[in-house]
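Enquirer: no letters, just coordinates:
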């Protein structure tokens, strides 16, 4: 993993690359939040599919970042895991934790 991190750090020196990478960060964060919630709930993609009625293949696409789920779908996934969705707007210059 350090090879990738070294590569990424080197690429981040390019302002255009950095801008594109940062523009995608919210999508990556959403995908990771869904994966983390599913795992925290102890569910497989198949079990989540059975609870939501969303095809397992669609859940897989969401988790791979190749689908663009609606807020309604995200809320449906969260509810099936006993969770809610919290959407927060922050200033662009705010530090992220």
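Expert: Nice, thanks for sending it over. Here the structure is a predicted model, which is why all the values come from computation and not from measurement.
Enquirer: could you look up the SS state of residue 4?
Expert: Following DSSP: H, G, I helix; E, B strand; the rest coil, residue 4 is assigned to helix.
Enquirer: can you give me the helices for the protein?
Expert: Taking DSSP state H, the helices of the chain run over residues 2-11, 15-40, 45-52, 56-64, 71-80.
Enquirer: looking at those helices, which is nearest to residue 87?
Expert: Of all those, helix 71-80 sits nearest to residue 87, with 7.9 Å by Cβ to Cβ. For every residue, glycine as well, the C-beta is placed using N, CA and C.
Enquirer: tell me what angle that closest one forms with helix 15-40.
Expert: 40 degrees (axes from the mean of the first three to the mean of the last three Cα atoms, to 10 degrees).
Enquirer: looking at the chain, which helix or strand does the model trust least?
Expert: helix 2-11 (a mean of 87; mean pLDDT, DSSP states H and E).
Enquirer: now the angle from that helix to helix 15-40?
Expert: Using the same axes, to 10 degrees: helix 2-11 against helix 15-40 is 140 degrees.
Enquirer: look up how far residue 79 lies from residue 72.
Expert: Per Cβ to Cβ, to the nearest Å, residue 72 is found 11 Å from residue 79.
Enquirer: from the centroid of this structure, which residue is nearest?
Expert: For the chain, the residue nearest the mean C-alpha position is residue 31 (1.4 Å; Cα atoms, centre = their mean).
Enquirer: now that residue, nearest residue through space, not along the chain?
Expert: In space, and not counting its chain neighbours, residue 31 is closest to residue 65: 4.8 Å by Cβ to Cβ, 6 or more residues apart in numbering.
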